[in-house]
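> Below: sequence and its predicted model.
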Amino acid sequence: MFKSIDMLADQGNGAAAIAADPPTPAFSLPEKWFGLPDHWLESISQIEWVPDLGRDIGSFTWIRGLITLSLLCGIAIACLPDFGPIRGHESAALTGFRADQARSQTIAPMAYGSDTGLRMAATDAVRPLAQSPERPSIELVATLGRGDSLRRVLQRAGVANLEAREVTNLVADAVRLDEIKPGTKIDVTLGRRPAKNQPRPLDQLAFRARFDLNLEILRDNGQLSLNRKPILVDDTPLRIKGVVGSSLYRSARAAGAPADAVQKYLQVIGKKMSVSRDIRSTDEFDIILGYRRAETGDVEVGDLLYAGVERNGKAKAQMLKWQSNGRTNWFEASGVGQSSGQLVRPTAGRRTSGYGMRRHPILRYKRMHSGIDFGGGYGAPIYAVTDGKVTFSGRKGGYGKFVKIKHSGGLASGYAHMSRIAVSNGRRVRQGQIIGYIGSTGLSTGPHLHYELYRNGRTINPNSVKFVQRAQLSGRELRRFKGELQRLRQVTPGAALGALKSASTGPKRQREISRLSKSSIS
């Protein structure tokens, strides 16, 4: 296959002829390629499409070879085989008759409806029921609405009228019906009724009647009986103390006091001292709230009971909420209290005329206007500016329907031109109580209220008076007041948040096997 140079020399002219032949191109094209002329084909065949890329880097021939290499690599990548799963034959979805036939031969789970099997008509072995069966008992939850009664709630739940009345009487023996709060959930269980035209009998009823009491009514031998289940409740007041710091409100909120309690605390302390000027950042606030915890985990936060400020360990202000003579007021530690402040507005309308000389709209001449006029719609309510006793109630000349109330300190107030009077002569009224309604009786050009204020029987400018009553405790009531104050101040801060022992908690029951083991050892 291979020949040496000597052998080629021996061959003479033939070998020289072979060596002189031009080199064969890398590939040859057919003589007629897509009908191109011969000289074009010859030129294309002479082009070196795959040069050595290691030589003449950057030349035109090298760039052409790089393009050829890129095209070949792209074609190779495009021709890569797909390695995904090979899909087999997929049968078409069953529809129509074939789907029904397949369903009749399958068993589907009950959770999916068990829509399987052939549809078959009823045979003679199937007998229709004379009446549909009823559930042996019905359990439901009824809710006591605002302004509703226990009896009506039970009747709406399906309890018979006589049984609802009996249940109401049993509950009334254990707790006052008005103590049951709106929104209370009542669990009702109705039993089997003897006939369809009769109501179901009440088998069981249970609800929380009070914060500290659960009630349960059961049917025993055909009779309803009440079972009381007391709930252990801890009513230790919640005491919160802390340093005032840069903001009394923020410090009290950070200590855990509710927002409403902090606002009430600031109002009470503000009557004793100035919160912004008299209270220092190093002072301590002292807040005591009514607080109740039940063994069920429920909590009731009550009203503010005590408001105090301490400076250098000494009480700077002590205000205790106390009820005296049927009214609840805030009293200082000495037993002196302030029951009211500025007079309330007699009606909600705007002021239309002030106190002083003016031209009368009907008489057409100037005279003294001895009160203040308030506009308002016909029939708008009129309120007593403060506590007092009605000394006059009826018609009074140009005043029309008129009411006069006597207050303490030699003060009295009058209300004229009423359309209707709501209080009678000699009756005691509270501050803010409705005493009548705006009208236009007497010498009046339209519905309005003419309000007057008297001191020792003479009219004065109502805007110049701030009516303040002070109450003073004494005797036995003062001793009870000081005892309550001392009791609250002895409460440890945060004591109401401690662990609450359940009423149902008792000694741990011992297993019988443990008893036998102890007896055998002894």
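The structure has been received and is ready for your questions.

> Nearest to the spatial middle of the chain, which residue is it?
Nearest to the mean C-alpha position of the chain, by Cα atoms, centre = their mean, lies Gly183 at 15.1 Å.

> That one contacts Thr143, doesn't it?
Yes: assessed by Cβ atoms under 8 Å, Gly183 is found in contact with Thr143 at 6.5 Å. In short, each C-beta sits where N, CA and C put it, glycine included.

> that older thread, which residues are in contact with the residue nearest to the centre of the chain?
By Cβ atoms under 8 Å, 6 or more residues apart in numbering, Gly183 lies in contact with Thr143, Leu144, Gly145, Arg146.

> And the helices in this structure?
Using DSSP state H, the helices of the chain run over 5-11, 13-20, 38-46, 60-78, 96-104, 150-156, 161-174, 248-254, 259-270, 475-489, 512-521.

> Columns distance to Ala333 and mean pLDDT on top of the ones you listed, output as TSV?
TSV is the format used below for the helices of the chain (distance: least, Cβ to Cβ, whole Å; pLDDT from 0 to 100):
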stretch	distance to Ala333	mean pLDDT
helix 5-11	136	45
helix 13-20	135	42
helix 38-46	119	72
helix 60-78	96	88
helix 96-104	87	78
helix 150-156	45	92
helix 161-174	40	92
helix 248-254	20	93
helix 259-270	13	91
helix 475-489	6	89
helix 512-521	58	51
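
> can those helices go into TSV with extra columns for distance to Gly439 and mean neighbour count?
Below are the helices of the chain laid out as TSV (distance: least, Cβ to Cβ, whole Å; neighbours: other Cβ atoms under 10 Å):
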stretch	distance to Gly439	mean neighbour count
helix 5-11	146	11
helix 13-20	142	10
helix 38-46	119	12
helix 60-78	100	12
helix 96-104	82	11
helix 150-156	39	18
helix 161-174	44	15
helix 248-254	45	17
helix 259-270	36	18
helix 475-489	43	13
helix 512-521	85	9
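
> Quick one: the ones you listed as CSV, columns for distance to His407 too.
As requested, the helices of the chain are exported to CSV (distance: least, Cβ to Cβ, whole Å):
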stretch, distance to His407
helix 5-11, 148
helix 13-20, 145
helix 38-46, 125
helix 60-78, 104
helix 96-104, 90
helix 150-156, 43
helix 161-174, 41
helix 248-254, 35
helix 259-270, 24
helix 475-489, 23
helix 512-521, 77
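
> Out of these, flag the one nearest Gln131.
helix 161-174 (24.7 Å; Cβ to Cβ).

> Contacts for the closest one, please.
149-151, 154-155, 159, 177, 180, 201-202, 205, 209, 213, 215, 217, 224-226, 228.

> just stretch 128-138 next, same as before
Gly158, Thr189, Leu190, Gly191, Arg192, Arg193, Lys196, Arg200, Asp203.

> I figured the fifth one was touching Arg200, is that so?
Yes: between Arg192 and Arg200 there is a contact at 7.1 Å, judged by Cβ under 8 Å.

> Those two - which one has more neighbours?
Applying other Cβ atoms under 10 Å to Arg192 and Arg200 shows that Arg200 carries more neighbours, namely 21 against 12.

> which ones are touching that one?
Ile138, Gly158, Leu190, Gly191, Arg192, Arg193.

> From these, keep the buried residues only.
Ile138, Gly158, Leu190 (16 or more other Cβ atoms under 10 Å).

> Would you check that the second one makes contact with Pro199?
Put plainly, it is Gly158. Yes: with contact defined as Cβ under 8 Å, Gly158 reaches Pro199; the gap is 6.5 Å.

> any idea how far Thr189 is from Gly394?
60 Å (Cβ to Cβ, to the nearest Å).

> I would like the residues contacting the top strand by length along the chain, please.
For the chain, the strand with the greatest residue count under DSSP state E is strand 299-311. With contact meaning Cβ under 8 Å, 6+ apart, strand 299-311 is reached by 211, 237-238, 258, 261, 264-265, 268-269, 273, 279-280, 282-293, 315-321, 330, 485, 488-489.

> Including pLDDT and distance to Ser424, could the contacts of stretch 128-138 go into a markdown table?
What follows is the contacts of stretch 128-138, written out as a markdown table (pLDDT from 0 to 100; distance: Cβ to Cβ, whole Å):
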| residue | pLDDT | distance to Ser424 |
| --- | --- | --- |
| Gly158 | 90 | 47 |
| Thr189 | 93 | 52 |
| Leu190 | 92 | 51 |
| Gly191 | 90 | 55 |
| Arg192 | 88 | 58 |
| Arg193 | 86 | 55 |
| Lys196 | 80 | 57 |
| Arg200 | 90 | 52 |
| Asp203 | 91 | 53 |
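
> Can you pick out the most distant pair from these?
Greatest spacing in those, by Cβ to Cβ: Thr189 and Lys196 (19.4 Å).

> show me the contacts for Gln263.
No residues are in contact with Gln263 under the rule Cβ under 8 Å, 6+ apart.

> How much space separates it from Gly446?
Counting by Cβ to Cβ, the gap from Gln263 to Gly446 is 40 Å.

> Going by residue numbers, what spans are strands in the stretch 201-350 of the chain?
Secondary structure of the stretch 201-350 of the chain (DSSP state E, counting those that start in this stretch): strands at 202-210, 213-220, 223-230, 233-234, 238-243, 284-294, 299-311, 314-324, 327-332, 336-340.

> can you list these in CSV and add distance to Val429 and mean neighbour count?
Listed next are those as CSV, based on distance: least, Cβ to Cβ, whole Å; neighbours: other Cβ under 10 Å:
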stretch, distance to Val429, mean neighbour count
strand 202-210, 33, 19
strand 213-220, 37, 16
strand 223-230, 42, 12
strand 233-234, 38, 16
strand 238-243, 36, 19
strand 284-294, 29, 21
strand 299-311, 25, 18
strand 314-324, 19, 17
strand 327-332, 13, 17
strand 336-340, 13, 17
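
> Would you convert those strands into JSON lines that also reports distance to Lys404?
Below are the strands of the stretch 201-350 of the chain laid out as JSON lines (distance: least, Cβ to Cβ, whole Å):
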{"stretch": "strand 202-210", "distance to Lys404": "45"}
{"stretch": "strand 213-220", "distance to Lys404": "49"}
{"stretch": "strand 223-230", "distance to Lys404": "53"}
{"stretch": "strand 233-234", "distance to Lys404": "49"}
{"stretch": "strand 238-243", "distance to Lys404": "46"}
{"stretch": "strand 284-294", "distance to Lys404": "40"}
{"stretch": "strand 299-311", "distance to Lys404": "35"}
{"stretch": "strand 314-324", "distance to Lys404": "27"}
{"stretch": "strand 327-332", "distance to Lys404": "23"}
{"stretch": "strand 336-340", "distance to Lys404": "20"}
